[in-house]
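Novice: Would you be able to build a 3D model of this:
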Amino acid sequence: MLRALLMAAQLAGPAAGQADCGACDALCRQKPARECRACVRDCLRAAPAGARDARGPQPLTLPAPPPPDAMSAALRGMEKPEVDALLASWRKEAAGREALCAAPEPVKYASCGLGQESDFDCRTRIGRHCSGELDDLRRAVELLRARGEELEAAVDPGSAADADYCAAHAPGCIIDDETGTPRPERRVREERRRREEAAGAKPRCYREALEPCLNACPRFADFRPRLRPAGRRRGTPSMPEPRCQAACEEKAAAACPAGGAP
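Specialist: Residues are numbered from 1 along each chain as shown. Below you'll find the predicted structure:
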């Protein structure tokens, strides 16, 4: 708990070439919280202005998200790259704010009383950042994520839009075995999975790995009439040895990545 107080110093820490409050570490392991807090606050007070400005939940670096209805309307006019860029920015903002707002109060309010702002105004501002603004950010991130998925699903297979998307998002695309062209990886795998479920068959790579292995398995005599092929004499070897078959199935599953082409 006491060591968590050092988070405030780390936010303005030596990685940025500014305040280094590592000297408080040993003290915070041994002394009461009041002395630990005082050490961290003194260190931060002596830090350059840039270090002090970097502490604590700050006002949104982006325009505040509009209400959900207005947000949905605005997203309808945006293209996928714009949605992706805004989603990345707001997701990063929300993640950083959630981490700070979840910190113990001594850490959350460590910056209060060090600047021109009064302690009360500082605490009020941070409380606002950690309530309404954070909720707005979470809603905006969810709306952006849903809109991104909607735009991705709207791309027609093999269309020029597919090529444009993959040109801008090459790491997120793979070659579709059906069309031979780059397409968004998630959509390709989802379509493969649906085709496999509809056909009730294993993927092609699974079958290609399984069949040669089963052919090499020793056979055993099948004495069960319901499984014995018609016309075979009783006791004629007809099926792979069970342990060998199980081993082959494991090998085939390992050799075939999830979502392989059917």
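
Novice: Any figure for the gap between residue 208 and residue 175?
Specialist: 18 Å (C-beta to C-beta, to the nearest Å). Every residue, glycine included, has its C-beta placed from N, CA and C.

Novice: before we move on, which element is residue 249 in?
Specialist: helix 242-255 (DSSP states H and E).

Novice: just checking, what packs against that helix?
Specialist: helix 204-215 (3 or more C-beta pairs under 8 Å, 6 or more residues apart in numbering; DSSP states H and E).

Novice: Mind doing that once more with 10 Å?
Specialist: Applying 3 or more C-beta pairs under 10 Å, 6 or more residues apart in numbering; DSSP states H and E, one finds that helix 242-255 makes contact with helix 204-215, strand 219-221, strand 237-240.

Novice: what does that helix rub up against?
Specialist: 202-203, 205-220, 239-241 (C-beta atoms under 10 Å, 6 or more residues apart in numbering).

Novice: so residue 130 makes contact with residue 94?
Specialist: No: Residue 130 lies out of contact with residue 94 (C-beta atoms under 10 Å); the separation is 11.4 Å.

Novice: Flag the shaky bits of the stretch 1-150 of the chain, pLDDT-wise.
Specialist: The stretch 1-150 of the chain contains residues with pLDDT under 70 at 1-38, 40-71, 73, 111, 113-117.

Novice: same thing but at 80, please
Specialist: 1-82, 93, 96-119, 125-126, 128-137, 148-150 (pLDDT under 80).

Novice: So residue 174: helix, strand or coil?
Specialist: strand (DSSP: H, G, I helix; E, B strand; the rest coil).

Novice: what number of residues lie near it?
Specialist: 16 (other C-beta atoms under 10 Å).

Novice: what's the answer for residue 243, then?
Specialist: Neighbours around residue 243, by other C-beta under 10 Å: 10.

Novice: do residue 242 as well
Specialist: 10.

Novice: Just the pLDDT for it.
Specialist: pLDDT recorded at residue 242 is 78.

Novice: what does residue 238 give?
Specialist: Taking residue 238 on its own, its pLDDT is 54.

Novice: Got phi/psi on residue 217?
Specialist: Main-chain dihedrals, residue 217, degrees, to the nearest 10: phi -70, psi 150.

Novice: If you drop the residues flanking it in sequence, what lies closest to residue 206?
Specialist: The shortest distance from residue 206 to any non-neighbouring residue, by C-beta to C-beta, 6 or more residues apart in numbering, is to residue 256 (4.2 Å).

Novice: That neighbour reaches residue 192, doesn't it?
Specialist: No: under the criterion of C-beta under 10 Å, residue 256 makes no contact with residue 192, lying 11.4 Å away.

Novice: tell me the contacts of the nearest residue to residue 138 once chain neighbours are set aside?
Specialist: Leaving out its chain neighbours, the residue that sits closest to residue 138 by C-beta to C-beta, 6+ apart is residue 94, at 6.1 Å. Neighbour list for residue 94: 65, 133, 134, 135, 136, 137, 138, 139, 140, 141 [criterion: C-beta under 10 Å, 6+ apart].

Novice: Buried ones among those residues?
Specialist: Among the contacts of residue 94, those buried by neighbour count (16 or more other C-beta atoms under 10 Å) are 65, 133, 134, 136, 137, 138, 140, 141.

Novice: Among those residues, which lie within strands?
Specialist: Per DSSP state E, strands hold no members of these.

Novice: Pull the most distant pair out of these.
Specialist: Distance extremes for the buried ones among the contacts of residue 94: the farthest pair is 133 and 141 at 12.7 Å, using C-beta to C-beta.

Novice: Residue 101 and residue 127 touch, don't they?
Specialist: Yes: judged on C-beta under 10 Å, residue 101 makes contact with residue 127 at a distance of 9.2 Å.

Novice: domain ranges for the chain?
Specialist: Annotated domains of the chain cover 1-55, 62-154, 156-200, 203-223+236-262 [automatic domain parsing].

Novice: Extract the CA atoms of the helix or strand residue 90 falls within and return them as CSV.
Specialist: Here residue 90 sits within helix 80-101, counting by DSSP H and E. In CSV, the C-alpha atoms belonging to helix 80-101 read as follows (Å, rounded to 0.1, in the frame of the first residue of the first chain):
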residue,chain,number,x,y,z
LYS,A,80,-12.6,2.7,-41.1
PRO,A,81,-9.1,4.4,-40.8
GLU,A,82,-10.6,7.4,-39.0
VAL,A,83,-12.5,5.1,-36.6
ASP,A,84,-9.4,3.0,-35.9
ALA,A,85,-7.3,6.1,-35.2
LEU,A,86,-9.8,7.6,-32.8
LEU,A,87,-10.4,4.3,-31.1
ALA,A,88,-6.7,3.8,-30.4
SER,A,89,-6.4,7.3,-29.0
TRP,A,90,-9.5,7.1,-26.7
ARG,A,91,-8.7,3.5,-25.7
LYS,A,92,-5.3,4.7,-24.5
GLU,A,93,-6.7,7.7,-22.7
ALA,A,94,-9.4,5.5,-21.0
ALA,A,95,-6.8,2.9,-19.9
GLY,A,96,-4.5,5.5,-18.4
ARG,A,97,-7.3,7.2,-16.6
GLU,A,98,-8.7,4.0,-15.2
ALA,A,99,-5.3,3.0,-13.8
LEU,A,100,-4.9,6.4,-12.1
CYS,A,101,-8.5,6.5,-10.8
